[in-house]
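Student: Next come a sequence and a model predicted from it.
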Amino acid sequence: MADRLPDLFSYIVETDSGFCPNPFGGICTLACCKPKIRYSANIGDWIIGTSLAPKRGRLVYAMQVYRALTYDLYWKYPEYEVKKPNKENVRGDNIYKNRENGGLIQVPNQSHSDKHFERDTSVNRVLISNVFYYFGKDAPEIPDQYKSIIHTTKGHVRIKPTSKNSMAVSVFLVWLRDTFKQGINGEPAQANVKCKPHVAVAAPVRQKFDF
């Protein structure tokens with residue numbers, strides 16, 4: 001893990017189905033949706049997702065980025081075979097691979113359709129974490145002293161070590177590590193709900209490599 005002080009990305013998880021993020025298979029991945037975060041987050045950074053109203057501000061998950069791959073490598077590497085969708089793993093997020101003649105193709109899955117294709121693939125980058133906390137429907141309330149890190153509107157906020165509430169990030173991470181066990185701490189709150197496709201594409205096609 002990088003020695004630099006981490007940034008923290010905070011956003012609201014609109015659909016907590018176990019697809020995005022996907023906490024299964026021993027790692028947590030952000031492979032679809034949230035293209036701006038997938039483009040911007042560096043190795044060592046933290047990402048947190050919080051809940052919608054009426055239980056706004058509860059911690060759905062937190063993950064620290066330790067690897068970033070293109071869709072093609074995510075598809076090809078055997079250790080991520082477990083993330084491919086099948087009858088036993090309907091929420092698998094490893095759904096994009098290269099065409100023989102170039103470009104990406106979406107494989108059949110129950111979570112995203114061709115209506116999600118442009119937004120998902122506008123950033124060809126999958127974030128992977130082996131240090132994560134996923135709570136789903138058992139999302140705990142974030143204590144008042146850390147609530148300045150909660151983002152309350154669409155999009156996300158990026159809190160850097162130079163941000164005025166950076167100290168809240170530091171103590172939040174201590175609270176997280178001291179209070180909960182790593183890994184899955186609850187089931188998805190909306191296991192049977194599909195992500196709604198966004199109308200506009202968030203960003204042009206681009207790549208960022210830091211393997």
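Tutor: Right, received. Where do you want to start?

Student: From now on I want contacts and neighbour counts done on CA atoms only, so please keep to that.
Tutor: OK.

Student: So what sits opposite the nearest residue to residue 72 once chain neighbours are set aside in the bridge?
Tutor: Excluding its sequence neighbours, the residue lying closest to residue 72 (C-alpha to C-alpha, 6 or more residues apart in numbering) is residue 97, at 5.1 Å. Residue 97 has the following beta-bridge partners by DSSP bridges: residue 105.

Student: what about residue 97, distance to residue 172?
Tutor: 37 Å (C-alpha to C-alpha, to the nearest Å).

Student: can you tell me which residues contact the residue minimising distance to the centre of the chain?
Tutor: For the chain, residue 30 is the residue whose C-alpha lies nearest the centre (C-alpha atoms, centre = their mean; 3.4 Å). For residue 30, the contacting residues are 20-22, 38, 126-128, by C-alpha atoms under 8 Å, 6 or more residues apart in numbering.

Student: Sort out for me which of those residues are in helices.
Tutor: Per DSSP state H, helices hold the following members of these: residue 38.

Student: Name the nearest of the contacts of residue 30 relative to residue 158.
Tutor: residue 38 (12.3 Å; C-alpha to C-alpha).

Student: The residue nearest to residue 72 contacts residue 106, doesn't it?
Tutor: Yes - taking contacts as C-alpha atoms under 8 Å, residue 97 lies within contact range of residue 106: 6.7 Å.

Student: Output the helix ranked longest in the chain as PDB, restricted to C-alpha atoms.
Tutor: Longest helix in the chain, counting residues (DSSP H): helix 166-179. The C-alpha trace of helix 166-179 is given here as PDB (Å, rounded to 0.1, in the frame of the first residue of the first chain):
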ATOM      1  CA  SER A 166      -9.400  15.700   7.100                       C
ATOM      2  CA  MET A 167      -9.000  15.000  10.800                       C
ATOM      3  CA  ALA A 168     -12.600  13.600  10.800                       C
ATOM      4  CA  VAL A 169     -11.400  11.100   8.200                       C
ATOM      5  CA  SER A 170      -8.500  10.000  10.400                       C
ATOM      6  CA  VAL A 171     -10.600   9.400  13.500                       C
ATOM      7  CA  PHE A 172     -13.400   7.800  11.400                       C
ATOM      8  CA  LEU A 173     -10.900   5.200  10.100                       C
ATOM      9  CA  VAL A 174      -9.700   4.500  13.600                       C
ATOM     10  CA  TRP A 175     -13.300   4.000  14.800                       C
ATOM     11  CA  LEU A 176     -14.000   1.800  11.800                       C
ATOM     12  CA  ARG A 177     -11.000  -0.500  12.400                       C
ATOM     13  CA  ASP A 178     -11.500  -0.600  16.200                       C
ATOM     14  CA  THR A 179     -15.300  -1.300  16.100                       C
END
